[in-house]
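**Student:** From the sequence below, what's the structure:
(one chain, ligands or ions: 2)
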Amino acid sequence: MTEAADRGHDNPIRVGVLGARGRMGAQVVQAVESSPDTTLVAAVDAGDDRAGIVDAGAEVVVDFTHPDAVMDNLRFAVTHGVHAVVGTTGFTDERLATVREWLTPEPGLGVLIAPNFALGAVLAMRFAEQAARFYPACEVIELHHDRKADAPSGTAAHTARLVGRARAAAGLGPAPDATTSELPGARGATVEGVRVHSVRLPGLVAHEEILFGGTGETLTIRHDSLDRSSFMPGVLLGVRSVLRRPGLTVGLENVLEL
Ligand SMILES: NC(=O)c1ccc[n+]([C@@H]2O[C@H](COP(=O)([O-])OP(=O)(O)OC[C@H]3O[C@@H](n4cnc5c(N)ncnc54)[C@H](O)[C@@H]3O)[C@@H](O)[C@H]2O)c1
Ligand SMILES: O=C(O)C1=N[C@H](C(=O)O)CCC1
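**Tutor:** Ligands and ions are numbered 1, 2, ... in the order given. Sure, this is the predicted structure:
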């Protein structure tokens, strides 16, 4: 996953990381330090002064923090003229609309928000969106490590939204389901009419299955992130591309031009 870089080791992109001591942030710090066209100028976690990002002259800030913290961080970045690459989850349509409002007076500034930076996860979402109109029913199962704060995962919610919208555009009605009696939660959460089921287990990293059912057949699209290194090429691609993508971009699929 590469993009022609016009910044090299003599003029690397100046990057600050928010959530730098977290599982993802620590890997982003390493990836930014290891890449010849980026340089780490600030590493900030909870309790640190994020003004350090601006003082250090960061051009791009990467945020992997918490759904409760990310909006405040993003407003800070936008109001200080720093481009942002955001992997933190929890973005609703309302939150995205707020970010667009913040960006309106900053026409040169770019924000990239992606629920998943792994190439295979992005492809799986796109394949699911393409398959959606051909099947009467679809359900999503996401499986993650037991330290994850949010459920369903941002990726599963985004996938369900894409599938749900593709189903609606194709004129498909609700998926057939004869359930008349259930324990609360047994059929999962519903996002845009698509059922989403969340599994949390130690040993897992990040996994998603999108299951389609039709006449005498099923189709399963599955992606597995086996290590957090899977997200780093996408994060670095985001850092390089956000500099020349003014406004709000949602989803790495737009950068990859899938
Ligand atoms: N988009 C993707 O590809 C992708 C991949 C993995 C995780 N995520 C998401 O990234 C987020 C972080 O995941 P994680 O596993 O690294 O979590 P984590 O809990 O390991 O790390 C989060 C870090 O952020 C810090 N933090 C919290 N509030 C902060 C603030 N206001 N300012 C600075 N730092 C703050 C915490 O102290 C912690 O060190 C979650 O929303 C997760 O779903 C996204
Ligand atoms: O580990 C996490 O937390 C992950 N969060 C993202 C999500 O919620 O979709 C991406 C996968 C890993």
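
**Student:** which parts of the stretch 1-150 of the chain sit against ligand 2?
**Tutor:** Those residues of the stretch 1-150 of the chain that sit near ligand 2, judged by CB under 6 Å from any ligand atom, are T89, P115, N116, H144, K148. No exception for glycine: its C-beta is placed from N, CA and C like everyone else's.

**Student:** what sits against the fourth one?
**Tutor:** If a contact means CB atoms under 8 Å, 6 or more residues apart in numbering, then H144 has S153, S198, V199, R200, L204, V205, A206, H207 as its contacts.

**Student:** Any of these buried? List them.
**Tutor:** S153, S198, L204, V205, A206, H207 (16 or more other CB atoms under 10 Å).

**Student:** Going by distance to G173, which of the residues you listed wins?
**Tutor:** Among those, S198 lies closest to G173 (CB to CB), at 25.4 Å.

**Student:** and the closest one, helix, strand or coil?
**Tutor:** S198 falls in the strand class when you classify it by DSSP: H, G, I helix; E, B strand; the rest coil.

**Student:** which one is it nearest to, not counting chain neighbours?
**Tutor:** A151 (4.2 Å; CB to CB, 6 or more residues apart in numbering).

**Student:** what about the one you found, neighbour count?
**Tutor:** 15 (other CB atoms under 10 Å).

**Student:** contacting residues around the nearest residue to H197 once chain neighbours are set aside?
**Tutor:** In space, and not counting its chain neighbours, H197 is closest to G188: 4.0 Å by CB to CB, 6+ apart. With contact set as CB under 8 Å, 6+ apart, G188 has these partners: E139, R195, V196, H197, S198.

**Student:** Now do the contacts for the residue nearest in space to the middle of the chain.
**Tutor:** For the chain, the residue nearest the mean C-alpha position is P115 (1.3 Å; CA atoms, centre = their mean). P115 makes contact with G87, T89, F91, S153, G154, T155, A157, H158, G251, according to CB under 8 Å, 6+ apart.

**Student:** related to what we said a few turns ago, which strand or helix spans the residue nearest to S198?
**Tutor:** For A151, there is no host helix or strand (DSSP states H and E).
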